[in-house]
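A.B. asks: only the shape, not the letters, is given here:
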């Protein structure tokens, strides 16, 4: 079992290296939310091409849990990768000036996801990097994502992994326990949880 898991992890790393080498880019940029999906994807990127070539961005809003940012900072420090925190509140505020702007959890949640991906691509374009996605297979097959938001990336290293497999590999990769054990959430509004919004646990979904 351990040998099989190690083989699968090696395949993910090789896929990342293949995407990176063939792109001619100078590195990778990834959104690090403080959750297990982005933590695992970031760890894979660091192992595949070296942590010095991986740039992590945390993009919180006023409704984000401050502990998520701290967890992201600690993860990036552990992995030895560059990390920066950029609030997207000013960008959200600019959208509020649109004629006919309507505020709802659904509209704001999708707007946050798309703003975050825009910021990631800005940095990727500026620094000639690839954007690493952090979607898993469970969410992808349900369509639990934002089009042109979290499902938009240059490559998706864990999109073939069910959420339960993400947890399994995260433990093997020594991702910090607080990240693994926290309630999965996209942080789109206060108290939001993925399983609560979907209506099923990831174990049931998988």
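C.D. replies: Thanks, I have it. As the structure is a computational prediction, the values presented were derived from the model and not from experiment. Numbers count the residues shown, from 1 in each chain.
A.B. asks: what's in contact with the lowest-mean-pLDDT helix or strand in the chain?
C.D. replies: Using mean pLDDT, DSSP states H and E, helix 194-198 stands out as the lowest-scoring helix or strand of the chain, at a mean of 79. Residues from elsewhere that reach helix 194-198, judged by Cβ atoms under 8 Å, 6 or more residues apart in numbering: 139, 142, 144, 183-186, 201-202, 205. In short, each C-beta sits where N, CA and C put it, glycine included.
A.B. asks: same question, stretch 76-90
C.D. replies: Contacts of stretch 76-90 (Cβ under 8 Å, 6+ apart): 32, 42-43, 46, 51-52, 54-62, 69, 72-73, 112, 115-116, 119, 176.
A.B. asks: now those: which count as buried?
C.D. replies: For those, a burial check counting by 16 or more other Cβ atoms under 10 Å picks out 32, 42-43, 46, 51, 54-61, 69, 72-73, 112, 115-116, 119.
A.B. asks: residue contacts, the nearest residue in space to residue 202 that is not next to it in sequence?
C.D. replies: Nearest non-adjacent residue to residue 202, counting by Cβ to Cβ, 6 or more residues apart in numbering: residue 163, 4.0 Å away. Neighbour list for residue 163: 136-139, 184, 202, 205-206 [criterion: Cβ under 8 Å, 6+ apart].
A.B. asks: highest neighbour count among those?
C.D. replies: residue 136 (28 neighbours; other Cβ atoms under 10 Å).
A.B. asks: could you list the low-pLDDT ranges of the protein?
C.D. replies: 1, 189 (pLDDT under 70).
A.B. asks: strands of that one, start to end?
C.D. replies: 27-31, 54-58, 82-85, 129-132 (DSSP state E).
A.B. asks: partner strands of the second one, parallel or antiparallel?
C.D. replies: It stands for strand 54-58. Partners of strand 54-58 in the sheet, by DSSP bridges, are strand 27-31 (parallel), strand 82-85 (parallel).
A.B. asks: of all these, which lies closest to residue 167?
C.D. replies: For the strands paired with strand 54-58, proximity to residue 167 was assessed by Cβ to Cβ; strand 27-31 is nearest, at 19.0 Å.
A.B. asks: returning to what we had before: please tell me how far the residue nearest to residue 202 sits from residue 144.
C.D. replies: 10 Å (Cβ to Cβ, to the nearest Å).
A.B. asks: what sits in contact with each of the two?
C.D. replies: With Cβ under 8 Å, 6+ apart as the test, residue 163 and residue 144 both reach residue 138.
A.B. asks: thinking again about what came up before, with distance to residue 107 added, can I get the contacts of helix 194-198 in JSON lines?
C.D. replies: Shown next, in JSON lines, are the contacts of helix 194-198 (distance: Cβ to Cβ, whole Å):
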{"residue": "139", "distance to residue 107": "20"}
{"residue": "142", "distance to residue 107": "20"}
{"residue": "144", "distance to residue 107": "17"}
{"residue": "183", "distance to residue 107": "24"}
{"residue": "184", "distance to residue 107": "22"}
{"residue": "185", "distance to residue 107": "18"}
{"residue": "186", "distance to residue 107": "14"}
{"residue": "201", "distance to residue 107": "27"}
{"residue": "202", "distance to residue 107": "26"}
{"residue": "205", "distance to residue 107": "25"}
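A.B. asks: thanks a lot, catch you later.
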